[in-house]
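A.B. asks: Build the 3D model from these lines:
(2 chains, ligands or ions: 2)
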Amino acid sequence: MIRRFTTQSDYLLREALIGLWRGGWMNWAAISTLTALLFLLGLGLQVSTQLDGALAKLGSQLEISVYLQPKVRAIALEPKLRSLPDVLQVQSIPKEVAWEALQKELGVQGDISESLGGNPLVDTLRVQVARPTVVAHLAQQIQSLQGVESVNYGSEAAERLGSLQKALGWAALTLASILGISTVAVITTTIRLIVLSRRKEIEVLQLVGATPLRIAIPFVLEGFALGLLGTGFAWGLLLVTGSFVEQKRQEFLPFLAPEPIHLPLGLILLGTGTGLGVIGSLLAVRSALREN
Amino acid sequence: MVGLGSSSHEVMASLVDVSKIYANGSCGLDRVNLTIYKGDFLFVTGASGAGKSTLLKMLYGAEKPTTGTVEVQGTIVNSLTGAKLAHLRRRMGVVFQDYQLIPKRTVEENIAVVLKAQGFDRAEVRKRIAPTLQMVGLASKEKCFPEELSGGEQQRVSIARAIVHEPPLLLADEPTGNLDVHNAWMILQILKKLNHLGVTVVVTCHNEQLIKTFAKRVVRVEAGIMRELTPAL
Ligand SMILES: Nc1ncnc2c1ncn2[C@@H]1O[C@H](COP(=O)(O)OP(=O)(O)O)[C@@H](O)[C@H]1O
Ligand SMILES: [Mg+2]
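C.D. replies: Ligands and ions are numbered 1, 2, ... in the order given. Prediction:
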């Protein structure tokens, strides 16, 4: 039984390799569509994880920034804010301090307040909140206080990002399905051409007592191999793109935390790639086997 | 495969009231009854288009009967498909009218195909090919491609392929059809030898002169209708 299995897999693998060899340039058509699909899928998933990460950070932020009206001082409001429920800590940032920090950050030499007609900033306060569930309510409460110009808190941005992510998700899903279907079509065509070029052989095999499974397996293995190669190339492209983006990020957005490309992403791509390869080749041989 | 080269009364295959009307309406067989016994060397004769190939196709399941029952080695062939049909075909050898050799494979590979499809290992495949080629007189041609062979040689390759797995039943469709008398004679000699080794052989042949020398049992098909000729010849 085991012996039989090994001799059969020996023949089947060899036949699959010969088939790939004979497929020639058609294989590259299949592999490149597959690579394009998997690359886009990988990119989409990567961006989505990135957004997830950002969302998680924003959503769990327990800080409300309070911007005061001009001339209202932070110190004056601090006790009032402290007395609100669920407030852990309040930090005042006088506009003078903020202005100095900003100038330093922008690399401004000397004092430019003169040319701007004074300090353009307002006093702000940072309020640390105990529980994420009360952030929105608390922010509203603070907003209605005398002297408060506006408030800003993370989960608001998180909500906006969330709906953006949803929209992107749908777009990506639609694109992936369309690409997925065309990939299956291209793989089916590729394997179908290989099947056609070996039609005589298939016919003979059927006549001399080869089971349909026995005839189909080499083609399915070919589809699987195309899937593997497509995944390999897509993975390579993703790594290259990833390192390029990372380089740019360090240049332009050093404060954003990077999200490395994970192995699970690779497994998803591998599953999708080989799955589509196998489906494509099954479709191709099924019709060939039905002809007789 | 213990045999004495003579017919027994054990049934190898049978057709009961078998008719075949093709999709385009032409009649292949018309209510044919035939019993083939183990050890038979049966000739099926008849003019071109009479239904000889149709008869063999019924036996190896390439065409389904429109009515009637076809049974081979205890298996009803009528509705057999897929793996089950494949397994039945492993218990027979077929020599096709048009050879059915794979063009870009050598003689050796063409014969090995059967054994590989049936799960023989490499050593067994190697062991069987040489004696089989020897038997059909092609020992020196194993590395040739089909297009490098004459018609008679291609025909012998297809015989080698049909017998390499030692089937108890051999179906040969006009194996002498395109050959000169010398080659035809040689092919029939090979089939006779196989019959002596115990193989049940069914041969179609439109040349009744040729048959006379070898005939043990002859049936004739005319426009799908079959008649037993044996006593008359
Ligand atoms: N695949 C087919 N489709 C339609 N008609 C067929 C087919 N095969 C054979 N026939 C018809 O069936 C009849 C018997 O054919 P066949 O068995 O091939 O005759 P033979 O082998 O005796 O020359 C002929 O009239 C032929 O035209
Ligand atoms: Mg014929």
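A.B. asks: drop to CA atoms for contacts and neighbour counts, all remaining ones
C.D. replies: Fine.
A.B. asks: Show me which helix runs longest in chain A.
C.D. replies: Ranked by number of residues, the top helix in chain A under DSSP state H is helix A:154-197.
A.B. asks: same question, chain B
C.D. replies: helix B:181-196.
A.B. asks: for that one, packing partners?
C.D. replies: In terms of contacts (3 or more CA pairs under 8 Å, 6 or more residues apart in numbering or on different chains; DSSP states H and E), helix B:181-196 is packed against helix B:151-163, strand B:200-204, helix B:208-214.
A.B. asks: For A:Val245, find the nearest of the ones you listed.
C.D. replies: Smallest distance to A:Val245 across these (CA to CA): 61.5 Å, for helix B:151-163.
A.B. asks: For the host helix or strand of A:Val135, what is the distance to the chain centroid?
C.D. replies: Per DSSP states H and E, A:Val135 falls inside helix A:135-143. Relative to its parent chain, helix A:135-143 has a centroid offset of 33 Å by CA atoms, centre = their mean, to the nearest Å.
A.B. asks: Tell me which other helices or strands that helix touches.
C.D. replies: The contact analysis (3+ CA pairs under 8 Å, 6+ apart) places helix A:135-143 against strand A:63-68, strand A:148-153.
A.B. asks: Pairing partners for the last one, with directions?
C.D. replies: It refers to strand A:148-153. Within its sheet, and counting by DSSP bridges, strand A:148-153 is paired with strand A:63-68 (antiparallel).
A.B. asks: Return the distance of the partner strand from the chain's centre.
C.D. replies: 32 Å.
A.B. asks: can you check stretch B:198-215 too?
C.D. replies: Remark: stretch B:198-215 is offset 11 Å from the chain centroid, using CA atoms, centre = their mean.
A.B. asks: Could you do stretch B:95-102 as well?
C.D. replies: 11 Å.
A.B. asks: end-to-end on that stretch?
C.D. replies: In stretch B:95-102, first residue to last residue: 14 Å (CA to CA, to the nearest Å).
A.B. asks: Tell me the buried residues in it?
C.D. replies: Neighbour counts using 16 or more other CA atoms under 10 Å in any protein chain shown place B:95-97, B:99-102 of stretch B:95-102 among the buried residues.
A.B. asks: In which helix or strand does the closest residue to chain A within chain B reside?
C.D. replies: Using CA to the nearest CA, the closest approach of chain B to chain A is made by B:Ala86 at 4.0 Å. Assessed by DSSP H and E, B:Ala86 sits inside helix B:82-89.
A.B. asks: could you list every residue that touches residue 117?
C.D. replies: Assuming you mean chain A. Residues in contact with A:Gly117 (CA atoms under 8 Å, 6 or more residues apart in numbering or on different chains): none are found.
A.B. asks: Let me rephrase: I mean chain B.
C.D. replies: By CA under 8 Å, 6+ apart, the contact set of B:Ala117 is A:205, A:208-211, A:214.
A.B. asks: again, but for A:Thr274
C.D. replies: Under the criterion of CA under 8 Å, 6+ apart, the neighbours of A:Thr274 are A:223-228, A:231.
A.B. asks: switch to 6 Å and redo it
C.D. replies: By CA atoms under 6 Å, 6 or more residues apart in numbering or on different chains, the residues touching A:Thr274 are A:224, A:227-228.
A.B. asks: Closest one to chain B out of those residues, please.
C.D. replies: Of all these, A:Phe224 has the smallest distance to chain B: 21.5 Å, by CA to the nearest CA.
A.B. asks: Could you report the separation of the closest one from B:Val11?
C.D. replies: A:Phe224 is 47 Å from B:Val11, where distance means CA to CA.
A.B. asks: neighbour count winner among these two?
C.D. replies: More neighbours surround A:Phe224 than the other of A:Phe224 and B:Val11, with 22 against 17 (other CA atoms under 10 Å in any protein chain shown).
A.B. asks: Would you mind naming the helix or strand containing the more buried one?
C.D. replies: Using DSSP H and E, the element containing A:Phe224 is helix A:212-252.
A.B. asks: Return the angle between stretch directions for the next helix or strand after that helix and helix A:154-197.
C.D. replies: Using DSSP H and E, the helix or strand that follows helix A:212-252 in sequence is helix A:263-290. Angle of helix A:263-290 versus helix A:154-197, following axes from the mean of the first three to the mean of the last three CA atoms, to 10 degrees, is 30 degrees.
A.B. asks: So which bits of chain B are right by ligand 1?
C.D. replies: Near ligand 1, the residues belonging to chain B are B:22, B:24, B:26-28, B:48-54 when assessed by CA under 6 Å from any ligand atom.
A.B. asks: Now intersect those with the helices, please.
C.D. replies: Using DSSP H, the residues of chain B next to ligand 1 in helices are B:52-54.
A.B. asks: As TSV, those with pLDDT and neighbour count would be great.
C.D. replies: TSV is the format used below for these (pLDDT from 0 to 100; neighbours: other CA atoms under 10 Å in any protein chain shown):
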residue	pLDDT	neighbour count
B:Lys52	93	27
B:Ser53	94	22
B:Thr54	95	21
